[in-house]
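Peer 1: Next come a sequence and a model predicted from it.
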Amino acid sequence: MQSAHTPFQATSLPADDPRFMAALDLQIAQMRRVLELMAPTAATDALGGAFAHVPYDERMQAVASHG
């Protein structure tokens, strides 16, 4: 089956091009959104993901002992 998509080609803009700052702002906004979506919603989510193999009560004891 043939694809109807055309190959992606990026073109660079010189810094003095008036569209440069708008393109840069858009790219930064997109990157921030990706990071937002990737971030855990709470510290417990981050701990749970990093230490999923450790039982919850052991994780909480470890956190409490270092506080």
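Peer 2: Yes, it's here. Numbering: from 1, shown residues only.
Peer 1: What segments of this protein are helices?
Peer 2: Secondary structure of the chain, counting by DSSP state H: helices at 19-38, 43-50, 56-65.
Peer 1: what's the distance between residue 20 and residue 28?
Peer 2: Residue 20 sits 13 Å away from residue 28, going by CB to CB, to the nearest Å. The C-beta positions use only the backbone N, C-alpha and C, and glycine is treated the same way.
Peer 1: Residue 59 reaches residue 65, doesn't it?
Peer 2: No - Residue 59 lies out of contact with residue 65 (CB atoms under 8 Å); the separation is 11.0 Å.
Peer 1: Which one of these two is surrounded by more residues?
Peer 2: residue 59 (16 against 7; other CB atoms under 10 Å).
Peer 1: Please tell me how far stretch 16-32 is from the chain's geometric centre.
Peer 2: Here stretch 16-32 shows a centroid-to-chain-centroid distance of 18 Å under the convention CA atoms, centre = their mean, to the nearest Å.
Peer 1: Provide the contact partners of it at residue level.
Peer 2: With CB atoms under 8 Å, 6 or more residues apart in numbering as the test, stretch 16-32 has contacts from 13-14.
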